[in-house]
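Participant: I would like the atomic coordinates for the input below:
(chains A and B)
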Amino acid sequence: MLTSLSGAADTVAGDEMAAFQKPWWRSALGPLATGAVLLVAIALLWPSFFQNQNLTNVLRAAAILGLVTLGQTFVLLVGGIDLSVGAVMSFGLVLLADVSRNYDTAVAVIVVLTMSLLVGSINGVLVTLRAVPPFVATLGMSIVVAGASLAYTKGVPAGDIPASLRPLGTQGVAGIPYAFVLWIAVAASVWFVLRKTRFGYHVYATGTSVRGARLAGIRTTKVTFLCYVLGSFLAAVGGIVLSAYAGYIDEYIGTGYDLDSIAAAIIGGVSFAGGEGSVLGVVAGVLFVTVLLNLVILAGLDPNLQLVVRGTILILAVAVFVARHRFHFSLRIGG
Amino acid sequence: MLTQGSRSKDRRRAAAGAAGLALLVALSACSTTAGSKSSPGQGGKKNSGFTIAYLSQGTTNAFAAQADAIVSHYVAAHKTDIKNLLYYDGAGDANKQVTQMETAVRQKPDVMVVTPLGTAAMSGPVSRAMAQGIPVVLCLSDVNGKDYTSLVDADIYAESVADAEWLVKEMGGKGNVVIIDGIAGVGTSELEGKAARTVFAKYPGIKIVGQGYGNWSPAKVKQLMETFMASGKKIDGTWGSGGQSTAGIIQAFTDAGLPVPPSAGGSPYNGAARLAMEHKVPVAMSYFPPAMFEDCITTAVKAAKGEKLPKFYNETKIQNYAVPITLKDLPKYYNPKYADDYEPGTDKILTETELRTLNLVK
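Facilitator: Model (predicted):
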């Protein structure tokens, strides 16, 4: 039974969570099984994949995409979508490089994160209070942020990535990149928030049925707003890690992460309709997409063919997920 | 001064055009041999006070920002020749540029300067402008066919061949090469890649062990390069489209603590030149500066005056493309006073104040 609804970060009893949240393993099972099959196939076809250096590269790349995808997951769970994450990452790099010319790295990082909170807040306001469709609101916001970046730099970004930040993107411990450790820590936190707190319960409830959630007394506007803020914030964190890795000013640094993060989340079992998906599934989805990107390069395919293969596998993966989802849905209806 | 085309004027002209459409159809039906009043791409109706439509790539990166600034600078300094510059920001989008081209034609400029964002997409619009009697100067990018007034460009194919030949020689005619292309489908990138592959195919000892699109993004190139490095295959040389690829390649090797093998195909913009010099990387580069946009505008003025122009204005005056720029030449191009995105030669045209406005001065 629903009781106190005010504390967003309050922990909540398991029986209350069960009302809306499905067992964690259900949406993660498909991606995990697919991942296991994939790893066996890779071991047979491309043994060089398992070289230490390559695994380190994969983990690092997965960490960056993973941070962005965790943010995207919040938005998808409430039935939204965020197409502005790539622009937030790119503008974040521009700000990071420019601000750190005159201020400490910590100040530059705070500026970047503040920018992301502002962008997320505007997305949230547009979607919740102005009822702008999420696709339009965040696509428009991506153009605004990219335009702001161009206006700020006049097309010529200046500065360097602070040297003190580089280890975050380039170093690690025992072959495991710091970026990966950060991702796993953030993923564990997100898992806790979504599974063990009242806020997480409200996120799933809002995504399952906004009307139902409102009738139950959940402040869906606040929940949705916070999800957009978190989505943008985690995109900025991913952008900072990517900047630390690249070590070079690159205004296109976030290009492609918006769609890749959506693909990884959907493959990981997050429903486009909202209300369904688990952090474990998202982690599996991110690893699937990253391994795929790595393999098409390792396979030595013609560059144009790489795009075809990558796109085809992504379509197939999403199609398989949707078919599986429909199958379970029909079983529930039939049962 | 840069101005956008007038929409209301467009609408009036569109209305007038619609009213006259039926008459035009009738006339063309009566006589299939009826000629146009204006000859294709013919200028020369006046000697000064021209209106130039400039269809820019858009301020999408540092190169384009410097190119636009150079054009603005030239126009401001030649007010007698150029009365008005109609500026269209393509935002790096070929579809947007096609629409802008139609709008620009309706403004009836004396000449057009276009940096085509799509080789195929812009062919028709350029032909239609020429058919309206408006000379079109293509700036640093081509369209299909030859229906334009003049193309101002470097000989990209020749320079890429020279760079690739240098790499083969540097590798002693054998070894493994990784190729990093620019953006899929972009004419410049595809032409460079085609030239390099044609050269490598001539040498049986050269094996391409990895290839992919780096999107002219140092971060993406670095990720690609690290994947190739981790595959366990020995890499004896790299070929990367543009200076951004060179920067990403060097970053990948140096961050891994490995020596950087010979790298060909880049351009000596400040960032790539700095990294190559810092890490003493054997490189072969070709000069492809935004300063060439000045030649685009001067060529356009000549076209408006009706001067006879070559179909291809080859920018060989800035570099002999048969001889690549190598590591020993880079001090001539690198300037520590400027930011990494500075393109050599820009300071010969823009003032210190203009360079500062563009964030190019450190």
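
Participant: can you list the residues of chain A near chain B?
Facilitator: A:48, A:51, A:53-54, A:56-57, A:61, A:150, A:153-160, A:170, A:242, A:245-253, A:255, A:294, A:297-298, A:300, A:302-304, A:306-307 (Cβ under 8 Å from any Cβ of the partner chain). Yep, even glycine has a C-beta here, placed from its N, CA and C like the rest.

Participant: mind listing what residue 82 touches?
Facilitator: Unless you meant another one, I'm taking chain A. With contact taken as Cβ atoms under 8 Å, 6 or more residues apart in numbering or on different chains, residue A:82 is in contact with A:71, A:72, A:75, A:123, A:134, A:138, A:228, A:231, A:232, A:235, A:258.

Participant: hmm, no, I was thinking of chain B.
Facilitator: Contacts of residue B:82 by Cβ under 8 Å, 6+ apart are B:50, B:51, B:52, B:74, B:75, B:297, B:301.

Participant: which stretches in chain B count as helices?
Facilitator: For chain B, applying DSSP state H gives helices covering B:7-30, B:62-77, B:94-106, B:123-131, B:156-170, B:187-201, B:218-230, B:242-255, B:270-278, B:292-304, B:352-357.

Participant: now tabulate the ones you listed in TSV and tack on mean pLDDT and distance to residue B:321.
Facilitator: Converted to TSV, the helices of chain B look like this (pLDDT from 0 to 100; distance: least, Cβ to Cβ, whole Å):
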stretch	mean pLDDT	distance to residue B:321
helix B:7-30	41	42
helix B:62-77	93	19
helix B:94-106	93	27
helix B:123-131	94	25
helix B:156-170	94	4
helix B:187-201	91	11
helix B:218-230	90	23
helix B:242-255	93	15
helix B:270-278	95	18
helix B:292-304	95	13
helix B:352-357	93	27
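
Participant: in JSON lines: the ones you listed, plus mean neighbour count.
Facilitator: Formatted as JSON lines, these follow (neighbours: other Cβ atoms under 10 Å in any protein chain shown):
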{"stretch": "helix B:7-30", "mean neighbour count": "10"}
{"stretch": "helix B:62-77", "mean neighbour count": "22"}
{"stretch": "helix B:94-106", "mean neighbour count": "19"}
{"stretch": "helix B:123-131", "mean neighbour count": "20"}
{"stretch": "helix B:156-170", "mean neighbour count": "22"}
{"stretch": "helix B:187-201", "mean neighbour count": "19"}
{"stretch": "helix B:218-230", "mean neighbour count": "26"}
{"stretch": "helix B:242-255", "mean neighbour count": "27"}
{"stretch": "helix B:270-278", "mean neighbour count": "23"}
{"stretch": "helix B:292-304", "mean neighbour count": "24"}
{"stretch": "helix B:352-357", "mean neighbour count": "14"}
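
Participant: got the ones you listed as TSV, with distance to residue B:141 columns?
Facilitator: Below are the helices of chain B laid out as TSV (distance: least, Cβ to Cβ, whole Å):
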stretch	distance to residue B:141
helix B:7-30	26
helix B:62-77	12
helix B:94-106	11
helix B:123-131	11
helix B:156-170	9
helix B:187-201	6
helix B:218-230	22
helix B:242-255	14
helix B:270-278	21
helix B:292-304	11
helix B:352-357	24
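
Participant: out of those, nearest to residue B:150?
Facilitator: Among the helices of chain B, the nearest to residue B:150 by Cβ to Cβ is helix B:292-304 (5.6 Å).

Participant: closest to residue A:315 out of the helices of chain B?
Facilitator: That would be helix B:218-230 among those, by Cβ to Cβ, at 22.2 Å.

Participant: in chain B, what residue is nearest chain A?
Facilitator: residue B:65 (3.0 Å; Cβ to the nearest Cβ).

Participant: which helix or which strand is home to the residue of chain A found nearest chain B?
Facilitator: In chain A, no residue comes nearer to chain B than residue A:155, which is 3.0 Å away by Cβ to the nearest Cβ. Using DSSP states H and E, residue A:155 sits within no helix or strand.

Participant: just give the nearest non-adjacent residue to it, would you?
Facilitator: Counting by Cβ to Cβ, 6 or more residues apart in numbering or on different chains, residue A:155 lies nearest to residue B:65, which is 3.0 Å off, once chain neighbours are set aside.
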